[in-house]
Each structure stands twice: as C-alpha cells, then as structure tokens.
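# Sequence and computational prediction follow.
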Amino acid sequence: MVLDFIYPPVCLICKEVIREEFLPESKALVCSYCWNNLKIEEKPFCPECKVELKISQLHDCSAYLNKVYALGVFDENFQALIHHFKYKGKISLGKRLGYRLAEELKGQNLSDFTYLIPVPLHKVRKRERGFNQSEILGEALAQKLTLRLPQNILIRIKNTKDQTKLSIEERKENVAGAFQVQDKQKILHGKKIILVDDVITTGATLNECARVLKQAGAKEILAVTIAKAS
Ligand SMILES: [Zn+2]
Ligand SMILES: [Zn+2]
C-alpha cells in the first residue's frame, strides 16, 4: 500500500517500525519478535483458590465456574493488544489472539468439551461497538478446535454498568440476573462447556454466566480468556 511509505506500520508493543515484506493487517500491528515473546501462561487454574490445574483434573471448589485458562497476564503488552482489538476495532488482531489461544489449548486435553459459548454483550452495547469481542474470539477458536459454537444460547438481558470501577461485591451485584439461557432443545444438558471472554478480572461475569449454564444442565464450565487481570 502506498500509505505504508508515508505511515510505515509501527509495532504496538516495541514501537519500532515493522520491516517485513508481506503484512496482512493483523501482522502490521505487532512485530513478530514481540508476538513470539509474549509471556504465555502454561496452566489453567481454579478461579476460587487459584491453584494450577490440568484441564481433565476434577476440582470443584467453585460451584459454577470450574476452571479458567488465560493466555497471558494483563500486563502492558496484553493491555495494548486487547485495547486495540476492543476499542479501536482491530478485529484481525482479535482473530490472531484467538488463533494463538487455540494453539495453546490444543496442547490441553479438550476432547470431553462440546461447546464454545462467548460471553454475550447486551444488544445495545453490541450495536454501539459494532461487534462482540468474545464472539470474534469464539469464532477463531471454533475454526481451529473441533468444538461447536451454537448461536444465541446465552443472551444478556441486562445492559450492565461497566465493571472497571466497581468493587468485587458491586461487580457481583451488577451482573446478577444479567444473563439468560435459551435452550429449548436442551443441547447443554450434561455437556462440558468452554466460556469465552477477552479478560478475566474478578471472574464475576464469567461466574454468573457459568451459574445460568449449570442451571440449564451443563456439567462443567471452563472459561478461556486472552488475559487475566488482578
Ligand atoms: Zn515489536
Ligand atoms: Zn480451588
């Protein structure tokens, strides 16, 4: 592109000009050095006691959300990536993150899991943003893993306040009753499900989603995210 001469692509992380021959949009945002040196987390963990777990390990100290796997820690690198994906509409970067998450999950034993379910946005919020970041990640995961991505099973019926400035207790209250399962065919019954979101902080949102999915008959819930913040 002619524009590349005037504004050469600069890496979101190291801020250096990216000098690679062929650059699809997603790769024009992060250089391959920074991409390959993102600090990747190895193990899933319990959202309650934080102990590291294997995907197949039975561990039920949390009633609804059984395990969480986050690709990385919400450090300044992951923060920059997620910010550009979510708030600057860099969907191709979101897909690239989703593929990376899929690569890491391939090393785990997911054979018992059936469905991927993205955390839904309220329809008003989705209209404002133009897309749901969790759905983009879910689609990328479904392309690379042999898991189904059923549509509109989990919906958000309350347009909740932004969680970022709320305390742990306020977050729980804010998301209570925010989600509903629409599963007339009872496809969730007895199934292991992977919930998908961009970031886990206190886990209040994912836990509330897991609660309604379990109420609808789901057997086990693993949440996967791009990053974990504390
Ligand atoms: Zn870089
Ligand atoms: Zn635990």
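Structure's in. What do you need? Keep in mind that what you see is a predicted model, and the values were worked out from it rather than measured. Ligands and ions are numbered 1, 2, ... in the order given.
# Quick check: the gap between residue 134 and ligand 2.
24 Å (Cβ to the ion, to the nearest Å). Glycine gets a C-beta too; all of them are placed from N, C-alpha and C.
# again, but for residue 93
Counting by Cβ to the ion, the gap from residue 93 to ligand 2 is 33 Å.
# Would you state the predicted confidence (pLDDT) at that residue?
Looking at residue 93, its pLDDT reads 94.
# With the one 3 residues further on instead?
Residue-level confidence at residue 96 comes out at 94, pLDDT.
# any idea which element it lies in?
When elements are assigned from DSSP states H and E, residue 96 belongs to helix 91-106.
# Show me what that helix is packed against.
strand 67-73, helix 76-86, helix 133-144, strand 220-228 (3 or more Cβ pairs under 8 Å, 6 or more residues apart in numbering; DSSP states H and E).
# Please tell me I have it right and residue 186 contacts residue 218.
No: counting by Cβ atoms under 8 Å, residue 218 is not a contact partner of residue 186; they are 10.7 Å apart.
# Please identify the helix or strand for residue 172.
helix 168-175.
# which parts of the very next helix or strand once past that helix are buried?
Counting by DSSP H and E, the next helix or strand C-terminal to helix 168-175 is strand 179-181. Buried residues in strand 179-181, counting neighbours by 16 or more other Cβ atoms under 10 Å, are found at 179, 181.
# Please name every helix or strand in contact with strand 179-181.
Counting by 3+ Cβ pairs under 8 Å, 6+ apart, strand 179-181 packs on strand 154-156, helix 204-215.
# starting at the chain centroid, how far to the shortest one?
This means strand 154-156. 16 Å (Cα atoms, centre = their mean, to the nearest Å).
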